[in-house]
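quick one: sequence and predicted model below, then my questions.
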Amino acid sequence: MVPVAAQDRTIELLRQLADAPGPPGFEEPIRKVMVDQMKPYASAITFDGMGSIIATQGSQGPRIMVDAHMDELGGVVRRVTPRGLLTMQMLGGWLDQALVDQRWIIVGSKGPVHAVTGIRDVHVVPPEERTRVYSRDSLFLDVGAKDEAEVTAMGIGPGDPVVPDAPFTVLNGTDNYLAKGWDDRVGCGVVIEAMRRLATLPHPNQIVWTITTQEEIGLRGAHTAADVVKPELAIAIEGGITGDVFPGHPEETQVRLGAGPGIFLYDSSALPNRKLTALVKAAAAEKQVPLQLDVVQGYGDDSAELQKSNGGVPTVNLVVPIRYTHSHNGIMNRRDFDQMVDVLVALLQKLDAATVARVRDFTP
Ligand SMILES: [Zn+2]
């Protein structure tokens, strides 16, 4: 049982992480939240040249990189029309159907500006268009301005970041939490909680906690951060994909919300190291945590960049399952989260010099 005080602390942490804006390339607000949270547990915090956070815990043993990304799905203002409407360049993998009739926040020079992607009114839509999805290029952000000058006066213009406006909510007293950006703020939360525990627990290695930028537009921050960290072994912590609501094909994913953390055995960007996946399974068994095995096509994550760095690095991608990723409203489960932290801490405590050498040994 997790004590009530710890539960409240974690809820507040997850609320802060989820609500902070931070689309790719504009990670300033979430970076500040993360640095403030990591500082008490890190012996040093530095940044790479693209803004990723690199925080070290421990000074001896193999260099283990633990990665989560801080950017979220979003967009940038593309253009302001003379009538005071704005068009938007999306950042990250959005479905067009997720964009219509949503509230957004534009991070402007004078503070946040509320916006809505309006919907074409049903009273004028011809019957044959009523089931159609409107493309992203036909949408406008409406900030309530009457013309371009009024938009400018709000302190916003082309290039300004846009994020979903979807505040954190505990869903009806359950242990399921609704918010934007669980991909990958849930991973950021796992990092903070694991750092907190490992500040007082022994671990036979140097852990380099790395919170990357610009994952959603091509794993860019992970590439440059790995150049700096030069890991011997790396672990990515991500939001996973559930298949427990919509009747898709069972081969898409079989992961369920609330059924335990997950390990990726395949995705289209990376294959994990098999000796490392065996260690993860052993750590989960030790902690009596059910581990969901996942194989998802059409999914990429930072481990793909990490494994190609430093002459080749054993990696694995561990996930907290999320319903409805890449949208305004995703759901995570608190027990999945706590169990992910349990498994990660147990795994890190196993990674001593001899074990890392064994994982990295390819002698036939
Ligand atoms: Zn992600």
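Structure received. Numbering: from 1, shown residues only.

and the most centrally placed residue in the chain, which of the three is it?
In the chain, the centroid-proximal residue (Cα atoms, centre = their mean) is Asp184; its distance is 0.9 Å. What DSSP: H, G, I helix; E, B strand; the rest coil gives for Asp184 is helix.

and the gap between it and the ion?
Counting by Cβ to the ion, to the nearest Å, the gap between Asp184 and the ion amounts to 4 Å. No exception for glycine: its C-beta is placed from N, CA and C like everyone else's.

I figured that residue was touching Gly240, is that so?
No: between Asp184 and Gly240 no contact is recorded; they are 10.6 Å apart, counting by Cβ atoms under 8 Å.

what is the neighbour count of the residue nearest to Gly92 when sequence neighbours are not counted?
Leaving aside its chain neighbours, Gly92 sits nearest to Glu216 (3.5 Å; criterion: Cβ to Cβ, 6 or more residues apart in numbering). Residues near Glu216, counting by other Cβ atoms under 10 Å, number 23.

wait, Glu216 sits on Phe26?
No: the pair Glu216 and Phe26 fails to qualify as a contact (Cβ under 8 Å) at a distance of 11.7 Å.

which ones are touching the closest residue to the ion within the stretch 251-364 of the chain?
Distances between the stretch 251-364 of the chain and the ion by Cβ to the ion are smallest at Asp301, namely 6.0 Å. With contact set as Cβ atoms under 8 Å, 6 or more residues apart in numbering, Asp301 has these partners: 215, 219, 236, 238, 264, 267, 269-270, 317.

can you list the residues of the stretch 51-200 of the chain near the ion?
Residues of the stretch 51-200 of the chain found near the ion (Cβ under 5 Å from the ion) are 183-184.

any idea which of the contacts of Asp301 is closest to Gly74?
Glu215 (12.3 Å; Cβ to Cβ).

how about that closest one, what does it touch?
By Cβ under 8 Å, 6+ apart, the contact list for Glu215 reads 24, 69, 71, 184, 221-222, 301-302.

tell me how far it lies from Thr10.
23 Å (Cβ to Cβ, to the nearest Å).

what's the answer for Val124, then?
From Val124 to Thr10 the distance is 47 Å (Cβ to Cβ).

looking only at neighbour counts, state which of those two leads.
Thr10 (20 against 7).

check which helix or strand covers the more buried one.
helix 4-19 (DSSP states H and E).

what mean pLDDT does that helix have?
Average pLDDT, helix 4-19: 87.

in it, what counts as buried?
Going by neighbour count (16 or more other Cβ atoms under 10 Å), the buried part of helix 4-19 is 10, 13-19.

next helix or strand past it?
helix 28-38.

how far does that next one sit from its chain's centre?
14 Å (Cα atoms, centre = their mean, to the nearest Å).

and stretch 83-90, by the same measure?
Worked out by Cα atoms, centre = their mean, stretch 83-90 lies 26 Å from the chain centre.

in that stretch, what counts as buried?
84-88, 90.

tell me which of the residues you listed fall in strands.
85-88, 90 (DSSP state E).

how's this structure carved up into domains?
4-72+180-360, 75-164 (automatic domain parsing).

distance between the shortest one and the chain's centre?
Using Cα atoms, centre = their mean, the mean C-alpha position of domain 75-164 is found 24 Å from that of the whole chain.

what is the mean pLDDT for it?
Mean pLDDT, computed over domain 75-164, is 96.

give me the distance between the two termini of it.
Using Cα to Cα, to the nearest Å, one end of domain 75-164 lies 9 Å from the other.

just the helices from the stretch 101-250 of the chain, written as ranges.
148-153, 182-198, 220-229 (DSSP state H, counting those that start in this stretch).

buried deepest among those helices, which one?
Mean neighbours per residue, mean count of other Cβ atoms under 10 Å, is largest over these for helix 182-198, with a mean of 26.

determine how far that one lies from the middle of the whole chain.
10 Å.

so that helix versus helix 28-38, what angle?
20 degrees (axes from the mean of the first three to the mean of the last three Cα atoms, to 10 degrees).

how far off helix 4-19 does helix 182-198 point, in degrees?
Using the same axes, to 10 degrees: helix 182-198 against helix 4-19 is 140 degrees.

residue boundaries of the strands in the stretch 51-200 of the chain?
In the stretch 51-200 of the chain, the strands defined using DSSP state E, counting those that start in this stretch lie at 53-57, 63-69, 74-80, 85-91, 102-108, 111-117, 141-142, 161-164, 169-170, 176-179.

quick one: the ones you listed as a markdown table, columns for distance to Gln307 too.
Formatted as a markdown table, the strands of the stretch 51-200 of the chain follow (distance: least, Cβ to Cβ, whole Å):
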| stretch | distance to Gln307 |
| --- | --- |
| strand 53-57 | 18 |
| strand 63-69 | 11 |
| strand 74-80 | 27 |
| strand 85-91 | 25 |
| strand 102-108 | 33 |
| strand 111-117 | 37 |
| strand 141-142 | 38 |
| strand 161-164 | 30 |
| strand 169-170 | 36 |
| strand 176-179 | 30 |
